[in-house]
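In: sequence and predicted structure are below.
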Amino acid sequence: MLLLFLRLVLVIGPAAVAAAAPVINEIMYRPGTGVPERTGDEYLEIYNPDAQPVDAGGWRFTTGIDFTIPAGRIIPANGYLVICANLTDFQARYPGVTNVIGNWTGTLANSGEKITLVDAAGVVVDQVEYADEGDWATRVREQSFGGWDWATLADGGG
C-alpha cells in the first residue's frame, strides 16, 4: 500500500525556503494469509522527497515496531530506505532492493495501528495511522456469501 504524505518544513528568514521532510510512504503489514503468518516479510519504506540526502542515523520508531536506524545511514535525495522485519527473508524475496536495513522487534498489527518515526533528538519526523478498511482499502464483493468486504494488497496480498 502506498502512503505518501508530504510534510513541509518552513525556514523563517529573509528568504523563506521550503524543504520536504522524509515520510513513511509504504507499509507491508500483512504479507500473506498463510498459517503460520509470514511476519518476517513485513516492511516499511521511508521516502526522502528533498533534493538533499538525509542522515537518518539514530532515528527510531516509537510506536508500531521497535527499531533504531544505525548511525551513518543515509536516505538519498529523492530516494528510499526500506526497514524490514527480517533482513534475510526480505533480501531473498526482493533481491533488487539495495537500500534496506532490518531485523526490527515486534510485528505490525493486521487491522491497523499508528506508526511513529522520530529523529535522534526525539522530534517526530512522520506519523501514520493505517487500517485494513476505509480509505486504506477498496470495497469488493466477498466471494463466499456475496456480501461486501475490504481488500488491499498490504492486507494479505503480498
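Out: Right, received. Where do you want to start?

In: could you give the bridge partners of residue 113?
Out: Residue 113 has these beta-bridge partners by DSSP bridges: residue 130.

In: I'd guessed it sits against residue 63; true?
Out: Yes - Residue 113 lies in contact with residue 63 (Cβ atoms under 8 Å); the separation is 7.3 Å. Just so you know, the C-beta spots here come from the backbone N, C-alpha and C atoms, and that holds for glycine as well.

In: the closest residue in space to residue 41 that isn't next to it in sequence: how many residues sit nearby?
Out: The spatially closest residue to residue 41, leaving aside those adjacent along the chain, is residue 31, at 3.7 Å (Cβ to Cβ, 6 or more residues apart in numbering). Other residues lying near residue 31 total 24 when counted by other Cβ atoms under 10 Å.

In: if I look at residue 31, how far off is residue 47?
Out: 20 Å (Cβ to Cβ, to the nearest Å).

In: now residue 60
Out: Residue 60 is 18 Å from residue 47, by Cβ to Cβ.

In: which residues does stretch 27-46 contact?
Out: Stretch 27-46 has contacts (Cβ atoms under 8 Å, 6 or more residues apart in numbering) with 1, 3, 22-26, 56, 61, 65, 75, 80-86, 89-90, 93, 100, 102, 107-110, 112, 115, 117, 126, 128, 130, 132, 154-156, 158.

In: and residue 20, which of the three is it?
Out: On the three-state scheme (DSSP: H, G, I helix; E, B strand; the rest coil), residue 20 is labelled strand.

In: for the closest residue to it other than its chain neighbours, give me its contacts.
Out: Among residues not flanking residue 20 along the chain, residue 49 sits closest, at 4.0 Å (Cβ to Cβ, 6+ apart). Going by Cβ under 8 Å, 6+ apart, residue 49 touches 6, 20, 22, 23, 78.
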